[in-house]
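*Asks:* sequence and predicted structure are below.
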Amino acid sequence: MSIFRQLSLLLILTAILVACSTEKNTFLNRTFHGMTAKYNGHFNAEELLNQALLTYGNSRKEDFYDLLPITPLPNETEVKGMYPSIDTAIVKCSKVIKNHSMPSTEDMSMKEAEHNKWIDENWITVGKAMFYRRDYDKALKNFQFVKRFFQKDPSRYIAELWMARIYIEQNKFSEAKLLLDELQETALVQKKSSLKSVLALFKKKDPTVEVAPKMSKGLQLEIFKTQADLAVKRKQFGEAAFSLTNAVAKSNNKQDKARLHFILGQIYQQSGQIDSAQYNYSKALSASALYEVSFNARLNRAMLGNNSKLSKGLDKMLKDAKNAPFKDQIYYAKAALEMNRGNSSLAKNYYTNSAFYSTTNKRQKALSYEKLGDISFDEKSYINAQKYYDSCVRSMPDIYTNSEQVKSKAVKLLDLVNALEKSIYEDSVQRIAKMPEKAQTEFLKQLIKNMKEEEQKRKEAEAAKLLALQAQSNTNQNGSTNKWYFNNQKLKEEGFNEFRKMWGDREDKDDWRRSSKIVFTEFKEDDENKEDTNLVAQVIDEAVDEYTVEGLRKKLPLTDSLFEISVVAEIEALYTSGVLFKELLNENELAMAQFQKILAKKRSSNTDLSAAFQLYKLNENNGSGAKYKEYIVKNYPNSDVANYFKDPDFFVKQKEGRIAAQKDYVGLVERYEKKEYQAVYDASELIVVGDKSNALRAEYMLLNVLAAGQLTEDKKSLLPKLTRIIDEKPGTLQAIRAKEMIDIINNGISKNEPLPTPKPSMFVYNDAVTQFVMILMDEEEDVNDAKNDISDFTAKKYKNIKLKVQSKLTLKETSFVLVAEFASVKLASDYIVAYKAGYEELDQWQNNRIQIITQENLKKLIESSNFELYKEFYDLNY
């Protein structure tokens, strides 16, 4: 080797050794350490982070049913797969900061300057890695250092941006807003001053004037996106739209810009700004947009419109083979478009198709059923509405936007639907039973024919569904030759799961669908006088091949006793549905129709009386109530309601005299047992004739009859008194006993039996003290679970009242939950009403006995555990 080469090599080695020093601020040193910091640290670490984020983004599935996140971030579970890349990035940058910072120091807080221009980027990369690792406290300290130390560098803006992002994740929205407002103001100022900056290039710079660091366009984009993210989390959608609009203007990435336009469309749609939403959805239909974004933008735009062009666009999408897996969503969009046109009938067909094709998308199926339920509800077709809401509940995934509301609708409508179907069924079989035998036979033959036709249609519909699912599956498989349904294992499994969802686990045997239940429904015709051929049968779980006329005839109430049972069942169902129409749905017209049907039956009963009173209350203020008042007074002159009409204070007096009446009655029973029959008769006769508001009037009336029976041999003279008990107090134990005594007298049998003497109760009624509410538990029920549920319900419903929920045990270890304490009986009663209406929170505890009790009575109950005795006392007094 020549001397010249040796000297050259020596000079190069000397230069490298000199450049390795971090203490000298020379061009050579800055270049060497800067290149090392840029590529060995920052560049490689950023590549690791970007690759990890790219992998996360590719594996992530967007949820287009909800507002898309502006900047998607991995959650605690998802970030674990990114740990190796994150940790390596932190190690690389930390090593660079330690070895290539100029000048180097062990304590960064002691540094006054940094001569390596790539060190701040390494600090930022470390902070970003910690942020993605969800180590927010360390990341925040890191960015605070950058902000403080690199005041004159754009890194300061980057640090503030990431500090704001950390505050957002920590739900410290006020701190985040302060930082972002300042950054956004800086961005807007720099945007306005861009022309001045160009002109300033031709002027001589003043070295005494500090110039703010320049904010890049990419950084401004991230600031506006973060500002929008904060606004969305704070539900300030107007601010979110403003920031996103600025972000769109700053974005050079067409794919990212399309996604931002889609989110803007969602925000405007949520805010009811339809034109702006449609505009942004149209902008999201960029050729550069991801297919999912473009597809959903097209659907959302159509759901906001009502013109034929959009409808034709959806039809075109249906025909596109690549959209076969998404037919459910396309039909849903078509249905929404038709609803905008006011064509609910066609919309229902499309919603039905949407539910039909939703074989794997549970949320879409649930949404379609919910919409069908809403349409039926608005049309006051409550039976269909309940069925659809119930189907929605069965289909919905674990996370569903308004799951509790839908569940509540399904549960609350269920009792109404059961009552309506029961009343329709009983009315139908009665009308068939009243037909002449020949006409009845012809009708039943036609009924069997209709049933078979319905069964055939059902089978054809099931076959059509299987073919449609097969065609869709074949399309999804891109030309697979496995076209026969039973050779397609995936489709077979889908069909089996669908079958099991609908029918449950069934034994493999013939006639598995057979049942004995037939539900008759009535077509609604304009002419109400149509013959009973308007009645058709819908067969539920029914094998019809073996049905005969005689077999169906056996299901009809053909005897007088069966017919009467059917009428009573119909009346009770009509009353239940009427009350639910009134109380649950506030549908007074529908309620009145049900109550009027009861009166039309002309069956004297307690239900008939109650229906008439309901009609009176519903018409009390419109002048029509008088005829129902007259109906009650005429047909039930001795009833409590009639007495109320005669004396508006009747029920008040009855309640006030309850305790005194009980004491007097017990004394009179004791005199009866001493065979002082005349005295008992005279005293009870005064009550029967002159005190109609007496709380124990029914008991006095029966006692009066018994005393009279002891004074006369002519037992038939007692019949008017017994009949009066039945008429005035229908449904009571005394009325039942009166009916038994009438049967005994009419059969020629007379026997005197001792009257059971009610023992004075150990419990005392006192409405002047604080009241508690008690919920009794069954043996197998967990009182702690009940306590927790009831406590949550109470805290939610009674935020402004301090109520304490406790679990209690009697001496015999009977469990109950106690809610304390209420200032009055009325407040306690209001709580019980709210409790019984709280299906969604207290569904499991709805059937438990719930009663009001005072502290004094509670002590006696705990000692005795005599809940049945307390029930008698409670029913009498409360």
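*Replies:* Received the coordinates, thanks.
*Asks:* by mean pLDDT, flag the weakest helix or strand of the chain.
*Replies:* Least confident helix or strand, the chain: strand 535-539 with a mean of 40, by mean pLDDT, DSSP states H and E.
*Asks:* just after that strand, pick out the following helix or strand.
*Replies:* Moving toward the C-terminus from strand 535-539, the next helix or strand (DSSP states H and E) is helix 549-553.
*Asks:* packing partners of the lengthiest helix in the chain?
*Replies:* Taking DSSP state H as the criterion, the chain has its longest helix at helix 437-476. Counting contacts by 3 or more Cβ pairs under 8 Å, 6 or more residues apart in numbering; DSSP states H and E, helix 437-476 packs against helix 344-357, helix 403-433, helix 489-503, strand 535-539, helix 549-553. Where C-beta positions appear, they are placed from N, C-alpha and C, glycine not excepted.
*Asks:* the host helix or strand of Gln710 packs against which elements?
*Replies:* Using DSSP H and E, Gln710 maps to helix 697-711. Secondary-structure packing of helix 697-711 (3+ Cβ pairs under 8 Å, 6+ apart): helix 658-673, helix 677-690, helix 719-728, helix 733-746.
*Asks:* and the first one, what does it pack onto?
*Replies:* Packed against helix 658-673, as judged by 3+ Cβ pairs under 8 Å, 6+ apart, are the following elements: helix 677-690, helix 697-711, helix 867-877.
*Asks:* make JSON lines out of those and add mean pLDDT and mean neighbour count.
*Replies:* As requested, those are exported to JSON lines (pLDDT from 0 to 100; neighbours: other Cβ atoms under 10 Å):
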{"stretch": "helix 677-690", "mean pLDDT": "89", "mean neighbour count": "16"}
{"stretch": "helix 697-711", "mean pLDDT": "89", "mean neighbour count": "21"}
{"stretch": "helix 867-877", "mean pLDDT": "83", "mean neighbour count": "16"}
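*Asks:* quick one, which of those is nearest to Phe763?
*Replies:* Proximity to Phe763 (Cβ to Cβ) singles out helix 867-877 among the helices and strands packed on helix 658-673, at 4.4 Å.
*Asks:* and the gap between Glu589 and Leu609?
*Replies:* Note on Glu589: its distance to Leu609, by Cβ to Cβ, to the nearest Å, is 22 Å.
*Asks:* which stretches of the stretch 501-650 of the chain form strands?
*Replies:* Listed in chain order, the strands of the stretch 501-650 of the chain (DSSP state E, counting those that start in this stretch) span 518-522, 535-539.
*Asks:* quick one: contacts for Lys147?
*Replies:* 156, 159-160, 163 (Cβ atoms under 8 Å, 6 or more residues apart in numbering).
*Asks:* need the residues you listed in TSV with pLDDT and distance to Asn142, can you?
*Replies:* Converted to TSV, the contacts of Lys147 look like this (pLDDT from 0 to 100; distance: Cβ to Cβ, whole Å):
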residue	pLDDT	distance to Asn142
Arg156	88	13
Ala159	91	8
Glu160	92	13
Met163	94	10
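*Asks:* of these - the most surrounded one?
*Replies:* Ala159 (26 neighbours; other Cβ atoms under 10 Å).
*Asks:* I'd say it and Gly127 touch.
*Replies:* Yes - using Cβ atoms under 8 Å, Ala159 is in contact with Gly127, at 7.3 Å.
*Asks:* common neighbours of these two, please.
*Replies:* In contact with both Ala159 and Gly127: 143, 146, using Cβ under 8 Å, 6+ apart.
*Asks:* which of the helices and strands packed on helix 437-476 sits closest to Asp649?
*Replies:* Nearest of the helices and strands packed on helix 437-476 (Cβ to Cβ): helix 403-433, 34.3 Å.
*Asks:* pLDDT of that closest one, averaged?
*Replies:* If you average the pLDDT over helix 403-433, you get 90.
*Asks:* what is the end-to-end distance of stretch 720-740?
*Replies:* In terms of Cα to Cα, to the nearest Å, the two terminal residues of stretch 720-740 are separated by 14 Å.
*Asks:* dump the helices and strands packed on helix 658-673 to CSV, plus distance to Lys860.
*Replies:* Shown next, in CSV, are the helices and strands packed on helix 658-673 (distance: least, Cβ to Cβ, whole Å):
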stretch, distance to Lys860
helix 677-690, 30
helix 697-711, 24
helix 867-877, 8
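*Asks:* Val633 - how many residues pack around it?
*Replies:* Using other Cβ under 10 Å as the criterion, Val633 is surrounded by 15 other residues.
*Asks:* that one against Ala642, yeah?
*Replies:* Yes - using Cβ under 8 Å, Val633 is in contact with Ala642, at 5.1 Å.
*Asks:* just put the helices and strands packed on helix 697-711 in TSV and tack on distance to Thr359.
*Replies:* Shown next, in TSV, are the helices and strands packed on helix 697-711 (distance: least, Cβ to Cβ, whole Å):
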stretch	distance to Thr359
helix 658-673	63
helix 677-690	71
helix 719-728	60
helix 733-746	56
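*Asks:* closest to Phe295 out of those helices?
*Replies:* Among the helices and strands packed on helix 697-711, if distance is taken as Cβ to Cβ, the winner is helix 733-746, at 68.9 Å.
*Asks:* need the residues that contact stretch 776-795.
*Replies:* Outside stretch 776-795, the residues touching it (Cβ under 8 Å, 6+ apart) are 775, 803, 805-807, 814-817, 819, 835, 838, 841-842, 844-845, 848-851, 867.
*Asks:* picking up where we left off before, who's more crowded, Glu589 and Leu609?
*Replies:* Higher neighbour count among Glu589 and Leu609: Leu609, with 22 against 10, using other Cβ under 10 Å.
*Asks:* residues contacting the more buried one?
*Replies:* Contacts of Leu609 by Cβ under 8 Å, 6+ apart are 632, 635-636, 639, 641, 730.
*Asks:* nearest the geometric middle of the chain, what residue?
*Replies:* Central residue of the chain (Cα atoms, centre = their mean): Glu404, 1.6 Å from the mean position.
*Asks:* distance of that residue from Met396?
*Replies:* From Glu404 to Met396 the distance is 11 Å (Cβ to Cβ).
*Asks:* also Glu863?
*Replies:* As judged by Cβ to Cβ, Glu863 and Met396 stand 49 Å apart.
*Asks:* and for Asp315?
*Replies:* 29 Å.
*Asks:* so for these two, which sits in the more crowded spot?
*Replies:* Met396 (21 against 11).
*Asks:* which residues are contacting the lengthiest strand in the chain?
*Replies:* Scanning the chain for the longest strand, with DSSP state E as the assignment, gives strand 815-822. By Cβ under 8 Å, 6+ apart, the residues outside strand 815-822 that reach it are 770-777, 781, 783, 786-787, 790, 794, 803-810, 828, 831, 858.
*Asks:* now the buried members of those residues.
*Replies:* Those of the contacts of strand 815-822 that meet the buried threshold are 771-777, 783, 786-787, 790, 794, 803, 805, 807-808, 810, 828, 831, 858, by 16 or more other Cβ atoms under 10 Å.
*Asks:* let me see the ranges of the helices in the stretch 751-878 of the chain.
*Replies:* Ranges of helices in the stretch 751-878 of the chain, per DSSP state H, counting those that start in this stretch, are 783-797, 825-837, 839-842, 855-864, 867-877.
*Asks:* ok and the second one relative to helix 403-433, angle-wise?
*Replies:* Going back to what we said before, that points to helix 825-837. 80 degrees (axes from the mean of the first three to the mean of the last three Cα atoms, to 10 degrees).
*Asks:* kindly report the same for the first one.
*Replies:* An angle of 100 degrees separates the directions of helix 783-797 and helix 403-433 when computed by the same axes, to 10 degrees.
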